[in-house]
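Asker: here's a sequence, model it:
(one chain, ligands or ions: 1)
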Amino acid sequence: MYTGSFNTKIVITDNWLVEISKIKNKVLIIDSNIRLHYNEMLTPLLINTRFFEFNASESNKNLNEITKILDFFQTENLNRSSYVICIGGGITTDIGAFTASIYKRGCRLILIPTTLLGMVDASIGGKTAINFNGIKNNIGTFYPAEKIIINTGFLKSLPEKEMKNGWAECLKAALIKPLKLMTLLESKSIKDIDAIVREAIAIKESIVRDDLQDKGNRRILNLGHTFGHIIESISEYQISHGEAISVGICAAAYISMKMNFLAELEYQQIMNLFDNFDLPVKLEQKLADKIALNGKRLLKHDKKKTEDYNFIFLRSVGDVFVYTIYEADIIFNLFIDYLKQYIH
Ligand SMILES: NC(=O)c1ccc[n+]([C@@H]2O[C@H](COP(=O)([O-])OP(=O)(O)OC[C@H]3O[C@@H](n4cnc5c(N)ncnc54)[C@H](O)[C@@H]3O)[C@@H](O)[C@H]2O)c1
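Answerer: A predicted model of the protein is given here:
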């Protein structure tokens, strides 16, 4: 698989340790939970390789940690032909890739995502980011990795809550381009996780390939995310990303139906799909009320807003489009309508 002119090679293999052990001039940035869970397996690699252990949290995805990683790079005398290999979830690959992209104007980069979300979404497509002044992903670069190595064996230790974040992104990919992925997900043949990951990557890769800089069609990947970000933010991050995106996508489907883009039957099918994966389609009354009161302000600050609002809606499963509108009141009211109908 190749991503744009940067030619990211993506491999799914359980032989990843052998692959990276062969690389000579390298350092690792490793998620501390991966070190904890896989210490025995990693020991031979860590004995011979300098590494930076990163405690993955949104509050650590910041400039302060960047400084520490840059210090580490300098101490290790990294040059532009050195490999930075990031092993961890989306937080670790985002901050690791960002640092690799700015040190000496760019080192060689390999990502080894260890969460489902990291495998199907965060590591794919070349976006790097850190949070700044309380704003999520406010600073970043486009810096696709040279190689992404995926070993779904890592998912065995991933908590269920984190798996759900990944499932929400897999379902989103299947709604955008159902292809084989929808069949795999509908049959819940989740035992074949490699096939699901491969199909979800192929979908994201096919979209970002032609729009690496996120100026055109790549925006359809934001399906459910405008509403999801409002939910996450107003819940003060008590609602996880996957849960928020799940409600956000169902709300986008509801609005699509109310605006006569999407048939009611398909809307119901989408709701059932999320329900089958035990992903939430509704929020508590208190949170819905809070969103009704403060959500519009956040909508205005949505980073994707240029002069107009760009919402992502569905005409049908497999037909997702950017809907541009100058005034967002009608859409916001439909969003609140949705939340108030599906209270639990
Ligand atoms: N760059 C992009 O295009 C892009 C896209 C989507 C999301 N993101 C970013 O990704 C981040 C979220 O990533 P995430 O969902 O992977 O979460 P994460 O990186 O926070 O990982 C979740 C938790 O699981 C732990 N963990 C990781 N792998 C594990 C494993 N195999 N076993 C046990 N524990 C493990 C981590 O230490 C962490 O505590 C966000 O910061 C988001 O902004 C980036």
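
Asker: make it CA atoms for all contacts and neighbour counts henceforth
Answerer: Noted.

Asker: now do the strands in this protein.
Answerer: Using DSSP state E, the strands found in the chain span residues 9-12, 26-31, 51-54, 83-88, 108-113, 127-132, 135-142, 147-150, 309-316, 319-325.

Asker: elements contacting the third one?
Answerer: I take that to be strand 51-54. strand 26-31 (3 or more CA pairs under 8 Å, 6 or more residues apart in numbering; DSSP states H and E).

Asker: strand partners of the strand it packs on, parallel vs antiparallel please.
Answerer: Strand 26-31 pairs in its sheet with strand 51-54 (parallel), strand 83-88 (parallel), by DSSP bridges.

Asker: tell me the angle of the longest one relative to strand 108-113?
Answerer: Counting by axes from the mean of the first three to the mean of the last three CA atoms, to 10 degrees, strand 83-88 points 10 degrees away from the direction of strand 108-113.

Asker: can strand 83-88 be said to contact the ligand?
Answerer: Yes. Strand 83-88 reaches the ligand (CA under 6 Å from any ligand atom) through residue 88.

Asker: mean confidence for that strand?
Answerer: Per-residue pLDDT values over strand 83-88 give a mean of 98.

Asker: rewinding a little: would JSON lines of the strands of the chain with mean neighbour count be doable?
Answerer: JSON lines is the format used below for the strands of the chain (neighbours: other CA atoms under 10 Å):
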{"stretch": "strand 9-12", "mean neighbour count": "17"}
{"stretch": "strand 26-31", "mean neighbour count": "22"}
{"stretch": "strand 51-54", "mean neighbour count": "20"}
{"stretch": "strand 83-88", "mean neighbour count": "26"}
{"stretch": "strand 108-113", "mean neighbour count": "26"}
{"stretch": "strand 127-132", "mean neighbour count": "21"}
{"stretch": "strand 135-142", "mean neighbour count": "15"}
{"stretch": "strand 147-150", "mean neighbour count": "23"}
{"stretch": "strand 309-316", "mean neighbour count": "22"}
{"stretch": "strand 319-325", "mean neighbour count": "16"}
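
Asker: and those, which one's lowest on average pLDDT?
Answerer: For the strands of the chain, the weakest mean pLDDT is recorded on strand 135-142, namely a mean of 91.

Asker: by contact count, what packs against that strand?
Answerer: helix 90-102, strand 127-132.

Asker: got a markdown table for these, with distance to the ligand too?
Answerer: Listed next are the helices and strands packed on strand 135-142 as a markdown table, based on distance: least, CA to the nearest ligand atom, whole Å:
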| stretch | distance to the ligand |
| --- | --- |
| helix 90-102 | 3 |
| strand 127-132 | 4 |
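
Asker: all set, thanks.
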